[in-house]
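Chemist: Output the structure for:
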Amino acid sequence: MLAGLGNRIKESNPDIPFVTTMASTTPDEGLVSASAGASLMVVGHGRHPRAGTTGSTAAAVAAHARCPVVVVPSAQHSHGAEGEPNTRFSGSIVVGLDDSPECDDALSFAFQEASLRGIPLAPLHAFWMNPQFLPTGDPSDWEKIDSKAQSAVNALLARWTARYPDVKTEPVVARMRPPEALVEASRSAELLVVGSRGRGGFSSLLLGSVSRKVLHHVQCPVAVVRRGQLAALHDISVRSAEKPVCDGPTA
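Modeler: As a prediction, this is how the structure comes out:
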């Protein structure tokens, strides 16, 4: 199977150097171990036991890998949703956004990808509040909350938009529970980018119940970028090139 895969890669991408490796470990152990020196890890998500890429493997790798991980749903999995997708995210990268430090690496990754691909970036902040807990119960309370959230999102993005002036940014504030908002956005997005250990609904992403819900229903590739992974990648690239570490931001 591995030899056949190598032949297909060589035929379809003759200019890209590659090497195939077979590890005598469980799939998740082998992939997590390989991530220590990798820039990016890509795993499939679906029921492919021969290849070792089941949903549990993808979740384990995303939670423990030393580098960013892109989980790619199978074609059948990514076209299984009912109804028409929301087209507002078509052709865009969507990044889950909150105000935690853990979000910085995910934003850096998302902005860099959008710049490289030349496509828009949609930072998505989702929140939900029981209407019973609105200050006055008046519908206008939602408008005040939305406006406050939008201002906070714009403030969080200011330094990133200044750093990446070539990236068209279209921030979105969604009055939804974060898992549902992320899954809905993934139905038309090119790529979904999430961090981990953020606040609210993002706090357990790829580490608990939220992760399972997103991974089981996501409709596009999802990049999981955990705090510190981009800095570690920078150290790896500097050591391999034998150059001094620069003081600027890494991506």
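Chemist: Look at Ala110 and give its secondary structure.
Modeler: Put simply, Ala110 is helix when judged by DSSP: H, G, I helix; E, B strand; the rest coil.
Chemist: burial measure for Val95, as a count.
Modeler: Other residues within reach of Val95, judged by other CB atoms under 10 Å, total 33. For glycine as for every other residue, the C-beta is placed from the backbone atoms N, C-alpha and C.
Chemist: what's near enough to touch Asn123?
Modeler: Heads up, residue 123 is Pro, not Asn. With contact set as CB atoms under 8 Å, 6 or more residues apart in numbering, Pro123 has these partners: 94-95, 97, 107, 110, 153, 156-157, 169, 171-172.
Chemist: what about 10 Å?
Modeler: 93-97, 103, 106-107, 110-111, 153-154, 156-157, 160-161, 169-173, 193 (CB atoms under 10 Å, 6 or more residues apart in numbering).
Chemist: buried subset of those residues?
Modeler: Among the contacts of Pro123, those classed as buried by 16 or more other CB atoms under 10 Å are 93-97, 103, 106-107, 110-111, 153, 156-157, 160-161, 169, 171-173, 193.
Chemist: So which of those sit within helices?
Modeler: Within the buried ones among the contacts of Pro123, residues falling in helices by DSSP state H are 103, 106-107, 110-111, 153, 156-157, 160-161.
Chemist: Now distance to Ala60 too, for these, in a markdown table please.
Modeler: Converted to a markdown table, those look like this (distance: CB to CB, whole Å):
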| residue | distance to Ala60 |
| --- | --- |
| Cys103 | 23 |
| Ala106 | 19 |
| Leu107 | 25 |
| Ala110 | 23 |
| Phe111 | 28 |
| Val153 | 32 |
| Leu156 | 30 |
| Leu157 | 32 |
| Trp160 | 30 |
| Thr161 | 35 |
